[in-house]
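Student: Fold the stuff below for me.
(chains A and B)
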Amino acid sequence: MLRSGNTIRRATKARSIAALVVLAALIVIVPGAHAGSRTEICAPGVLPQSGAGVTGIFGADSPPSESIRTLAWLVLGICAAIFVVVEGLLLVAVVRFRRSSRETRGGRSSAGGESAASNGGETEPAQLYGSNPIELAWTVVPLIIVFVLGLVTIRTIREVQLTEPPEGALRVVVIGHQWWWEYRYPDELGPGREVVTANELVVPTGRPVWLELESADVVHSWWVPRLAGKTDLVPARTNLLWFKAQRPGVFLGQCAEYCGTQHANMLLRVSAVDPELFAAWLEHQATPAVADSSVDAGRNLFLALACMNCHDVDGASVGMFGPNLTHLASRETIGAGVRPLTRDNLRAWIDDPQTIKPGCNMPSLKLDSTQLDLITDYLMTLR
Amino acid sequence: MATLERTIPVPRAGYSGILEWIATIDHKKIGILYLYTTFSFFLTGGLLALGIRTQLMSPDQQLLTAAQYNAAFTMHGTTMIFLAVVPLFTGFANYFIPLQLGARDMAFPRLNALSYWLLLGGGIILYASFLPFAGFPANAGWTNYVPLSAKQFSPQLGEDLWLIGLTVLGFSSIFGALNLIVTIFALRAPGQTFHRLTLFAWSVLVTSFLLVLAMPFLTVAGIILLFDRIAGTAFFAVEQGADPLLWQFLFWFFGHPEVYIMILPGFGIISEILPVFSRKPIFGYKMIAYSSVAIGFLSFSVFVHHMFVAGIDTPLQTFFMASTMLIAVPTGVKVFSWLGTLWGGSLRFRTPMLFALGFLATFTIGGISGVFLGSVPVDFQLSDTYFVVAHIHYVLMGGAMFTVFAGLYYWMPKMSGRMLSERLGQIHFFLLFVGFNLTFFVQHQLGIEGMPRRTYHYPQSPEWATLNLVSTIGSYIIALAVMVFLWNFLYSIVLKQGRIAGDDPWKGDTLEWATASPPPAYNFARIPAVHSARPLKEDVAAH
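Tutor: Reported below is the predicted structural model:
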């Protein structure tokens, strides 16, 4: 039967429309990622703005992320070209080679229940079994594309992933715990003056930072998209990661390898500050907080209760299991980023961490209201 | 068509009613048991998915607790992979491989029954972890990484049940795969050489080899982890010197071939459907068959790409990146061959064809995003994010599940003797296609914006809320689509309102269409002799 040209070019059926929607979505959404990367982040000391791009992979402020961004755009471009070619061919085939409606009507009456051993009088299209040159072409062309893609990528791997620390790098040991981060600066202030802090990494701008990633329990993954790609923290291993913050700011991220109940609340926060500010911060962190006699009662309570079994406060207790609290009040958040640090939030946290972070390893000590105030006031002096 | 006078006696069924189904060793009945069971598990896994999506509808939904959410995504992944997609294809293979080969049954009918009952048993063991005695279901993710799945961090009995259930399912798969391999080698009709095998049989053959070679790694890893948990051995005890990445290597050595185990049979179904509804032979038969074999071999050499961020040396990363990108080539060959099949054809948009075309459109996206992720530095950023979630769902749902529905619409007339409603089929397809893309396309963007997978809420990043809401709405549309399918099945097949199909309603040209619908217990009165890959078309023309 003859194919009627007008019917073919008319409405292209739901399927092809839907495919167009997908194509349109690709065009709309991907540039959105780029737009997001322009969102500015506030200066240190202020809570960073939320908004698209804060943790986006196309917003880069550090060499590894920049290299990855460049490569990602290139690979995305190639992928988009393949997408357009394949989906385009599919659309053309579906529109151009659909049987005309007149034939469809004829086909319906003959399809119902009859045995199909015969052709039912319909014209069959040319019975083409294949074509060696065409098949060779669509094997070889993808091979070439893949080869080029591979070569380009290998160069980027070497830029992003170093085996030796870069010249003059700041060395920080990161230890993942269920569900918080421990940071140690082992040699910045010389032997015997290791700085230990938790959940908020502070680094100088313009200087490479060399992270040695370890885990105290299960596998975690350290990922601050604007600074570097992620790397897992695996028990009994030391993995390596580097970045260099190129401007001051607060960079956010979170644990990226599923690590149990509170995986969702193992947030990452990196403050990049000017080198002089960083040096001052580090010096401050290396000395115990100034004792304030007005909170002695709270301090004594802290030492009398189970708190000291888990938490280290330099000059007071030496707990190992929980975050070091020596300078707790100098931080911006509590509970690995679940709440901003305010007196009320801290008090609520001490009262019952399980309502804020259900399943976390800190129990509620069932303190009465007076005890809560005493402990909170004491901790708030640990600047 | 020529036939051979070679009939064998077929044993009469000794039972009736439900006992007949329990005692059956007929590959068609076992195939149907497989399909009912696995589709039920697909619905269960879907309910878990709706729970997950509802929880993520807004940044701090309280539908599920953290631990419940973690159990939900663990059981969703486990169910969909081990109890739905893989055994759904085994169900199709059980029913249609002997028919397409011109055989009377599988090579080992009793082993076949054992495979099915092990599947059901494994599924029941897995789901028993929801009962109170198990404490809590497994919630270490479907990848079950050590040490998170060790006794210390997952003390509940549910985790042991998960391991036992997977071991049982592993044996089910291995037995089923061995049976299919022997069947395809030994029971082909006279004249059916390997170059006259259906492409579905080719893909099932490769899949079965992958299962036999890969599945034991998971089974062994599961058993020794079980020993660690209940007998105090130390295969995975990091603090006693075990390699912390041992589980990951064993798991992914199984886990990546598993991806192809889940998609190759679907490739086979598409290679059956596209020619029939284009009224043309498949374009490049041999390239499609051989590319399956190439994918089979390569699938064992790409597995470390799941571990690019685990601290793997650069040379190892480079090798596995190269093989990952290389495996896109045979997959691309298939896609182009399918397009070549459509080209110049006379396309009929019956429901199986709609799903086959939908598969082509969505799977292409899944394949391309796989190449994107395969680039190691890009993976440093996107690994373990919603981009990966989008990718696997484009491969496994837009890919595998679309082919399952294509196969159900294509073969339901053969299995039941009745046609499913075209009208409802079109509605089902349209809803599923829209719902699927709505749910998962936006997840690419969520990954790019830094949203990690497996997080039960995201109050710190309210900017992810809009796309998550879109995704959740999409998932409800998917649920609606599946309900339309269930209604179609109930109306057309169970209530017998569908048209009588006849032997060959689609004018298919492979052997399953040469017998009655549904086929008699003995399949073919006489074993047919075969002279081409399209016996119902070309053998007729030749004789």
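
Student: Pull up the gap between the residue in the stretch 1-150 of chain A positioned nearest to chain B and residue A:79, please.
Tutor: Residue of the stretch 1-150 of chain A nearest chain B, by C-beta to the nearest C-beta: residue A:55 (3.0 Å). Just so you know, the C-beta spots here come from the backbone N, C-alpha and C atoms, and that holds for glycine as well. Noted for residue A:55: a distance of 22 Å to residue A:79, by C-beta to C-beta, to the nearest Å.

Student: Between these two, which is the more surrounded one?
Tutor: residue A:55 (27 against 21; other C-beta atoms under 10 Å in any protein chain shown).

Student: mind listing what that one touches?
Tutor: Neighbouring residues of residue A:55 by C-beta atoms under 8 Å, 6 or more residues apart in numbering or on different chains: A:224, A:225, A:226, A:252, A:253, A:254, B:449, B:450, B:451, B:461.

Student: quick revisit: quick check: which element contains the residue of the stretch 1-150 of chain A closest to chain B?
Tutor: Residue A:55 is part of no helix or strand when elements are defined by DSSP states H and E.

Student: Can you tell me the closest non-neighbouring residue to it?
Tutor: residue B:450 (3.0 Å; C-beta to C-beta, 6 or more residues apart in numbering or on different chains).

Student: For the one you found, grab the count of nearby residues.
Tutor: Other residues close to residue B:450 by other C-beta under 10 Å number 29.

Student: What about the one residue in the stretch 201-350 of chain A that gets nearest to chain B, how many residues nearby?
Tutor: Across the stretch 201-350 of chain A, the shortest distance to chain B (C-beta to the nearest C-beta) belongs to residue A:229, at 2.4 Å. Neighbour count for residue A:229, taken as other C-beta under 10 Å: 28.

Student: Please report the distance of it from residue A:161.
Tutor: The value you get for residue A:229 to residue A:161, if C-beta to C-beta is used, is 9 Å.

Student: hang on, the earlier thing: contact partners for the residue nearest to the residue of the stretch 201-350 of chain A closest to chain B when sequence neighbours are not counted?
Tutor: Residue nearest to residue A:229 in three dimensions, not counting chain neighbours: residue B:380, with 2.4 Å by C-beta to C-beta, 6+ apart. By C-beta under 8 Å, 6+ apart, residue B:380 lies in contact with A:64, A:68, A:160, A:161, A:228, A:229, A:230, A:231, B:308, B:309.

Student: Which members of those residues occur in strands, if any?
Tutor: Among those, the residues falling in strands (DSSP state E) are residue A:231.

Student: residue in the stretch 251-400 of chain B nearest to chain A?
Tutor: Counting by C-beta to the nearest C-beta, the stretch 251-400 of chain B gets nearest chain A through residue B:380, at 2.4 Å.

Student: average model confidence for the one helix or strand that residue maps to?
Tutor: If you go by DSSP H and E, residue B:380 is part of helix B:376-382. Confidence over helix B:376-382 (mean pLDDT, whole number) is 95.

Student: before we move on, what about stretch A:308-322?
Tutor: pLDDT averaged over stretch A:308-322 gives 88.

Student: Now that stretch: buried residues?
Tutor: Within stretch A:308-322, the residues scored as buried using 16 or more other C-beta atoms under 10 Å in any protein chain shown are A:308, A:310, A:311, A:312, A:313, A:314, A:316, A:317, A:319, A:322.

Student: List phi and psi for the third one.
Tutor: Residue A:311 has phi and psi values of phi -110, psi 140 when expressed as degrees, to the nearest 10.

Student: Was I right to think it contacts residue A:305?
Tutor: No: applying C-beta atoms under 8 Å, one finds residue A:311 not in contact with residue A:305, separated by 10.5 Å.

Student: which stretches of the stretch 51-200 of chain A have low pLDDT?
Tutor: A:51-53, A:100-122 (pLDDT under 70).

Student: 80 - rerun?
Tutor: A:51-53, A:100-123 (pLDDT under 80).

Student: Could I get the full set of helices for it?
Tutor: Taking DSSP state H, counting those that start in this stretch, the helices of the stretch 51-200 of chain A run over residues A:63-96, A:101-111, A:132-160.

Student: how about TSV for those, with distance to chain B added?
Tutor: Shown next, in TSV, are the helices of the stretch 51-200 of chain A (distance: least, C-beta to the nearest C-beta, whole Å):
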stretch	distance to chain B
helix A:63-96	4
helix A:101-111	6
helix A:132-160	4
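
Student: Buried deepest among those helices, which one?
Tutor: helix A:63-96 (a mean of 19; mean count of other C-beta atoms under 10 Å in any protein chain shown).

Student: And for residue B:96, nearest residue in space, chain neighbours not counted?
Tutor: residue B:512 (5.6 Å).

Student: you'd agree the one you found is up against residue B:97?
Tutor: No: the criterion here is C-beta under 8 Å, and residue B:512 misses it with residue B:97 at 9.4 Å.

Student: Can you tell me the closest non-neighbouring residue to residue A:126?
Tutor: Residue A:126 sits nearest to residue B:344 (C-beta to C-beta, 6+ apart), 6.0 Å away.

Student: which SSE is the one you found in?
Tutor: With DSSP H and E as criterion, residue B:344 is part of no helix or strand.

Student: what about it, distance to residue A:131?
Tutor: Per C-beta to C-beta, residue B:344 is found 11 Å from residue A:131.

Student: Neighbour count: those two, which is higher?
Tutor: For residue B:344 versus residue A:131, neighbours defined as other C-beta under 10 Å are more numerous around residue B:344 (16 against 12).

Student: Assess the claim that that one and residue B:283 are in contact.
Tutor: No: the pair residue B:344 / residue B:283 is not scored as a contact, 9.1 Å apart, by C-beta under 8 Å.

Student: what is in contact with those two at once?
Tutor: residue A:128.

Student: what about residue B:144, is that helix, strand or coil?
Tutor: coil (DSSP: H, G, I helix; E, B strand; the rest coil).

Student: What are the phi and psi values at residue B:157?
Tutor: phi -60, psi -30.

Student: So it versus chain A, what's the distance?
Tutor: 17 Å (C-beta to the nearest C-beta, to the nearest Å).
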